[in-house]
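[1] no FASTA, just this:
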Ligand SMILES: N[C@@H](CCC(=O)N[C@@H](CS)C(=O)NCC(=O)O)C(=O)O
């Protein structure tokens, strides 16, 4: 029996990032299978026909195909950082729902306005960008008051959401960093520059069934099979 979970992942996908962040926080070693979205492995599509990453196969061979569920599975195994404090639970899920709903909807339009010709809105990209700034202002106020998105410590909300704020920021860094949201900018920088994030962003060769197995865990940096991102 395979004792390690297997993760189908794509390095730049924010959903896959949050899954890797939770696996890292739970200190779980997993077999990493890097994919390319335009050429998904047959085995991945066989076990998860909806064809999105991340997909996790647990040691018991259960398939988990939603990033939040992978986070939960990881934390149900081990949660040394106490990422879901009881008193913030409801708030955490409300924040994640807003991120995965409206924020992601607007982020897609900001990033790729040409993919939505039917929406016939002039300046769709800027319009979508500006719709998200209300959420960013809320994040900035929360961080100013508490330190994190929900309470003073890093929670599931921070880990589930910062990869999407990063993607938003990187569409036009100058514009983002000129916003009067210093707490949000510092929070984003802290997460992007963390050892954890650097570890989960290590580059893997694209997986193929005949590939040598590669494993990821918090000791990645010492694993000679893996390449450190330059
Ligand atoms: N609700 C899913 C969304 C995952 C998702 O949309 N992932 C994107 C990559 S960031 C994907 O795999 N898209 C399929 C494709 O582009 O072919 C989750 O939370 O895991």
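    Okay, I see it. These figures come from a predicted structure and were not determined experimentally.
[2] Of all the residues in the longest helix belonging to the chain, which ones are buried?
    Within the chain, and with DSSP state H defining each element, the longest helix by residue count is helix 124-146. Counting neighbours by 16 or more other Cβ atoms under 10 Å, one finds that the buried residues in helix 124-146 are 124-125, 128-129, 131-132, 135-136, 139-140, 142-143. Using the backbone N, CA and C atoms, a C-beta is placed for each residue, glycine as well.
[3] Next: stretch 197-208.
    Of the residues in stretch 197-208, those buried under the neighbour-count criterion (16+ other Cβ under 10 Å) are 197, 199-200, 202, 204, 207.
[4] Output these in JSON lines, with pLDDT and secondary structure appended to each entry.
    JSON lines is the format used below for those (pLDDT from 0 to 100; DSSP: H, G, I helix; E, B strand; the rest coil):
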{"residue": "197", "pLDDT": "96", "secondary structure": "helix"}
{"residue": "199", "pLDDT": "93", "secondary structure": "helix"}
{"residue": "200", "pLDDT": "95", "secondary structure": "helix"}
{"residue": "202", "pLDDT": "94", "secondary structure": "coil"}
{"residue": "204", "pLDDT": "95", "secondary structure": "coil"}
{"residue": "207", "pLDDT": "98", "secondary structure": "coil"}
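[5] Just the closest of those residues to residue 75, please.
    Ranked by distance to residue 75 (Cβ to Cβ), the buried residues of stretch 197-208 are led by residue 200 at 15.3 Å.
[6] returning to that earlier point: report the entries of the buried residues of stretch 197-208 that also contact the ligand.
    Filtering the buried residues of stretch 197-208 for proximity to the ligand by Cβ under 6 Å from any ligand atom leaves nothing.
[7] ok, back up a step: reformat the buried residues of helix 124-146 as CSV; add distance to residue 217.
    Shown next, in CSV, are the buried residues of helix 124-146 (distance: Cβ to Cβ, whole Å):
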residue, distance to residue 217
124, 41
125, 39
128, 37
129, 37
131, 38
132, 34
135, 33
136, 33
139, 30
140, 33
142, 31
143, 29
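[8] hmm, stretch 100-115 in reach of the ligand?
    No - remark: stretch 100-115 sits outside contact range of the ligand, by Cβ under 6 Å from any ligand atom, the gap being at least 6.8 Å.
[9] Among the buried residues of stretch 197-208, which pair sits farthest apart?
    Pairwise distances across these peak at 21.7 Å for 197 and 207 (criterion: Cβ to Cβ).
[10] Give the burial count for residue 54, as a bare number.
    Residue 54 sits with 26 neighbouring residues when counted by other Cβ atoms under 10 Å.
[11] And the pLDDT for residue 119?
    The predicted local confidence for residue 119 comes out at a pLDDT of 86.
[12] what's the nearest residue to it if we skip its chain neighbours?
    Of all residues not flanking residue 119 in the chain, residue 109 sits nearest, at 7.4 Å (Cβ to Cβ, 6 or more residues apart in numbering).
[13] And the helix or strand harbouring that neighbour, what does it pack against?
    Using DSSP states H and E, residue 109 falls within helix 104-111. Judged by 3 or more Cβ pairs under 8 Å, 6 or more residues apart in numbering; DSSP states H and E, helix 104-111 is in contact with helix 124-146, helix 156-171.
[14] Lovely, talk soon.
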